Every structure is written in C-alpha cells, then in structure tokens.
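In: what follows is a predicted structure for the sequence shown.
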Amino acid sequence: MDIIDTHCHVIADDRERYPWSPIGGKASAWAASRPVTAEGMIAHMDETGIQRSVLVQATTAYGYDNSYVLDSRTAHPDRFIAVGTFDPLAPDAPARLAAAVSGRGLAGVRLFTSGSTVPTQGEWFAAPESYAFWEAATELDVTVCLQMRLGPATRQLTELLERYPGVRVLLDHIGYPDIAAGPARAGKEVAQLAAHPNLYLKLTHRNLEPLRAVGEEAIEFLTPVVDAFGAGRRIAWGSNLPAAEQSLTELVGLARTVLAPLPGTARREIFAGTARRLYPALAG
C-alpha cells in the first residue's frame, strides 16, 4: 500500500547554524534525546518503504524559525515537502507567509496552540488580530495544521472554520479526543465536527495507541469518524517521528493493525489519498 507520512519532525545536528528558540521557552525532551536529521529521516523512510513525507516544523525546538525544514525540503525536493510555523498575530505574518510560499516552496502552516510543553490551551489562533493571517492562508491555498486540544477551544475552532470556509484546516492528533474514557462517545464528538467541510483530521500514534488499548471497542470510534469524514477522504496518517518513541516501521505497523477493520478504500485514503489533496505538491 502506498504510504505518505504527513507528520514527522527533523532536528539539525548543527546548533550554531540552526539555533533553538522553542515556543514557550521550553524544548521537547525528544528533540535532545532522539533527534533525527533530514538525512536520517530519509534512511528511516527507505527502511519502511515510504517515498514522500511532510516535514512539520519542530516548534518546541525552532519556534518560528523555519530554516531547517525549508532547507531540508530544498535539499531533498523528491522526498519532502515543508510545513512551517508562524505567529499569526504578528503584523508581518501574512507577508512572511507569502514570501515563504512563493520563494521557498512552503506547502503548509502549523499553529502550535497547545502541547506537552504548552499545557494551557491558547485561544489566540482565532483572535481578530489573526484574521489577516487566515485571509492570506486562504488566498495562498495552503493547508493549516492546528495543534490544539478539543474542548477548551472547540468553539473558537468552529467559528474560524465558518469564517474562513476556503481554508483547509488539518487538526493535529485529531485534537486529542479522550478515547480511553469512551471510544463511542469520543467518536460521536469528533464526527460532529465533520459538518465543517474544510476540516480534516490527522491520525497519529497519539490516537492509535489508545485505540489499540481498547481492543475491539476501537471500531466504535473509527466507524462514525471515518464515515463522517468522507470514508477517510478527510483523514490523513502521520507518524510523529521522532516525538513518538517507536521506530517508523513500528508506527506504520501500529496504524495497519488498528485500521485493519476498515474497508480497503478508506485505508488507502488515510495512508496516502488525503495527503495528496491536502498538499497538491505530493501529487507529482
């Protein structure tokens, strides 16, 4: 089966050329303990049979400095496309985004509003000061990856999706739904978001591990979510390597195992088809 990894991170081995400046001032432990360079990522991809991957800016290492993901994409255009991070509240954000897209081939944007190093869910991504950025993202036709937790800021997410129906929003880790507390309930809550046709889901080990843990109940989450999001046509798989501790081969195996009950057409969309619609540069 053709597989595209829509979520992996790379860390340079040259700290002088690519200095760290993590968002929130706290770097992720994995960035120091198990970093993977662009060349190392290609080696992992070759071992696993993955031809193309999406390099997502390691915001908890480099913050808003997208130099390494862009340089990696430039050095290996046949293997990578790049998703960078911007501060949407900065007055020059629309101009910087346009320059990165037109001059450096940037394919997407990531807004890091919550995570392991930023535990408090931010709502700034939907503030009026961000509207110019969202308008630019719509005009430039770039996918926006939104790292957030559903619940505290779901209302802001839905308002944004309605305000900018022309922008594709890819929800990282499906917004961390609480699968362990109840797969059926979590599936119903996520499926309701499919009413917004410009919302896509990024399925990673953050979701696949709890789905594997609940065993046969996993289908109670998967069925309503996959059906609601176009039989998988709005869901894309990502490894999250090397933030994930497993090897790339193990992460692919995890996804294959958990998604095995789904129809083959849905699995093909999740593993590659949706990625090509989100990022047209992958279609070539």
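Out: It's in. Quantities reported herein were computed from a predicted structural model and do not represent experimental measurements.
In: surely residue 6 forms part of a strand?
Out: Yes - checked against DSSP: H, G, I helix; E, B strand; the rest coil, residue 6 lies within a strand.
In: nearest the geometric middle of this structure, what residue?
Out: Centroid check for the chain by CA atoms, centre = their mean gives residue 172 as the closest residue, at 4.3 Å.
In: let me see the ranges of the helices in the stretch 101-250 of the chain.
Out: Assigned by DSSP state H, counting those that start in this stretch, the stretch 101-250 of the chain shows helices spanning 131-140, 154-163, 183-192, 205-213, 218-228, 248-259.
In: and the last one, what's buried?
Out: What that stands for is helix 248-259. If you call a residue buried by 16 or more other CB atoms under 10 Å, then helix 248-259 has these buried ones: 248, 251-252, 254-255, 258-259. From N, CA and C alone the C-beta is placed, and that goes for glycine too.
In: cool, and the first one?
Out: Judged by neighbour count (16+ other CB under 10 Å), helix 131-140 contains these buried residues: 132-134, 136-138, 140.
In: how about the third one?
Out: Across helix 183-192, burial judged by 16+ other CB under 10 Å covers 183, 186-191.
In: ok, so of the residues you listed, who is nearest residue 4?
Out: residue 190 (21.9 Å; CB to CB).
In: on that earlier part again, now mean pLDDT and distance to residue 72 too, for the helices of the stretch 101-250 of the chain, in TSV please.
Out: Shown next, in TSV, are the helices of the stretch 101-250 of the chain (pLDDT from 0 to 100; distance: least, CB to CB, whole Å):
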stretch	mean pLDDT	distance to residue 72
helix 131-140	96	21
helix 154-163	94	30
helix 183-192	98	32
helix 205-213	98	22
helix 218-228	97	32
helix 248-259	98	16
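In: tabulate the ones you listed (CSV), appending distance to residue 101.
Out: Formatted as CSV, those follow (distance: least, CB to CB, whole Å):
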stretch, distance to residue 101
helix 131-140, 5
helix 154-163, 20
helix 183-192, 30
helix 205-213, 28
helix 218-228, 31
helix 248-259, 28
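In: out of those, the one nearest residue 19 is which?
Out: Among these, helix 131-140 sits nearest to residue 19 (CB to CB), with 24.7 Å.
In: chain center to that closest one, what's the gap?
Out: Here helix 131-140 is found 19 Å from its chain centre; the criterion is CA atoms, centre = their mean, to the nearest Å.
In: for that helix, packing partners?
Out: When contacts are defined as 3 or more CB pairs under 8 Å, 6 or more residues apart in numbering; DSSP states H and E, helix 131-140 packs onto helix 93-104, helix 154-163.
In: can you lay out the ones you listed as a markdown table showing mean neighbour count?
Out: What follows is the helices and strands packed on helix 131-140, written out as a markdown table (neighbours: other CB atoms under 10 Å):
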| stretch | mean neighbour count |
| --- | --- |
| helix 93-104 | 16 |
| helix 154-163 | 16 |
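In: can you add distance to residue 42 and give those helices back as JSON lines?
Out: Listed next are the helices and strands packed on helix 131-140 as JSON lines, based on distance: least, CB to CB, whole Å:
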{"stretch": "helix 93-104", "distance to residue 42": "20"}
{"stretch": "helix 154-163", "distance to residue 42": "34"}
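In: mind checking which of those helices is nearest residue 5?
Out: Evaluated over the helices and strands packed on helix 131-140, closeness to residue 5 peaks at helix 93-104, with 20.7 Å, by CB to CB.
In: let me know the average pLDDT across the closest one.
Out: Taken as a whole, helix 93-104 carries a mean pLDDT of 95.
In: please shift the residue numbers so they start at 14 in all later answers.
Out: Happy to do that; since the first residue is 14 now, the last one works out to helix 106-117.
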